[in-house]
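1. model this:
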Amino acid sequence: MAPFTVALASVQPHIADKKANLAIMQRTLKKTKADLYIFGEFFLSGDRCKDEYRDLAEPLTGPTLATVQELARKHKCYIIAGMPVKDDKVKGLIYNGAVLAHPSGTLDVYHKWFLPNFGPFEEKIFFDQGEDLRVFPTAFGKIGILVCYDVFFPELAKALALQGADFIVYISAAPSVNRPFFETILPARAIENTVFVAYVNLTGTQEDLVHWGGSQLYDPLGKLLVKAPYFKESVVTCTIDLADVEIARARRPVLRDIRPEIYHDLYTFARAHKKT
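-> Numbers count the residues shown, from 1 in each chain. This next block holds a predicted model:
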């Protein structure tokens, strides 16, 4: 493993304008030097698109993602960004996706597991729930990707850490009212799994929601390494070394001390709860 630079892009996408958002991505890559660029949830499509999500969704072979792949090849970098993606087998199913483009041009995708359907959120109306939890190997280490509301379910981050993730990335489209919750939980996810944690949020207004920006990165013991300003477009960078994960796990051996039986018990408790 070698140190690498992460760019956290807190930017405001255009709603339902993928070409304009690709242009923002391209400008960001030209202006800021990094090995990994992270953009927010729904960055490529814009947020609050409702029924338009179905028209904006693409398969992994779609034209927007082909451009992202080409940018990753051209700039010899990794890129993570959110957009609706189509199921590769069943017509009509779409997911809230987070794509990872590699410098080689290959593409990976994570489908958001937990879809909020309360307050201003209506994701279960438009999207199917993800079922896979994968860790993606990179030249720097293993990366796990989760999306926004997933942060409130610690089992997901734990599953990624147990599969060898050194770095967990959360992309988000969170409104300002939720800022205190995220800023409380994010360092906890780093500490309880001894992983680096990055959080990248949209900035600015999308229809009826105001996103607070504030992208941030924590080390495996929960120390804040860098933080973007609130309510302002910005790109902040931080150089990290995933070899620090091994040192942190010697100091705080939470993965060593896991008792696997609790996960069986959680399943039993959850099943009983569903029946009441």
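2. so what's the residue nearest to Pro3 when sequence neighbours are not counted up against?
-> Distances taken as C-beta to C-beta, 6 or more residues apart in numbering place Asp241 nearest to Pro3, at 4.3 Å, with adjacent residues excluded. All C-beta spots, glycine's among them, are computed from the backbone N, C-alpha and C. Applying C-beta atoms under 8 Å, 6 or more residues apart in numbering, we find Asp241 in contact with Met1, Ala2, Pro3, Phe4.
3. Closest to Pro229 out of those?
-> Phe4 (23.5 Å; C-beta to C-beta).
4. got any ranges where this structure has weak pLDDT?
-> 274-276 (pLDDT under 70).
5. ranges for the strands of it?
-> With DSSP state E, the ranges of strands along the chain come out as 4-10, 36-38, 78-86, 94-101, 107-111, 135-137, 142-147, 167-172, 196-201, 203-206, 209-212, 216-218, 224-227, 234-240.
6. Dump these into a markdown table; add distance to Tyr263 as well.
-> As requested, the strands of the chain are exported to a markdown table (distance: least, C-beta to C-beta, whole Å):
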| stretch | distance to Tyr263 |
| --- | --- |
| strand 4-10 | 31 |
| strand 36-38 | 29 |
| strand 78-86 | 28 |
| strand 94-101 | 25 |
| strand 107-111 | 21 |
| strand 135-137 | 18 |
| strand 142-147 | 17 |
| strand 167-172 | 18 |
| strand 196-201 | 21 |
| strand 203-206 | 37 |
| strand 209-212 | 34 |
| strand 216-218 | 25 |
| strand 224-227 | 30 |
| strand 234-240 | 29 |
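7. Could you say which one of these comes nearest to Glu58?
-> The minimum distance between Glu58 and the strands of the chain falls on strand 78-86, with 6.3 Å, by C-beta to C-beta.
8. Remind me what that closest one packs against, helices and strands.
-> helix 18-31, strand 36-38, helix 52-56, helix 63-75, strand 94-101, strand 167-172 (3 or more C-beta pairs under 8 Å, 6 or more residues apart in numbering; DSSP states H and E).
9. Would you mind checking the contacts of Asp241 for buried ones?
-> By neighbour count, with 16 or more other C-beta atoms under 10 Å, the contacts of Asp241 hold Phe4 as buried.
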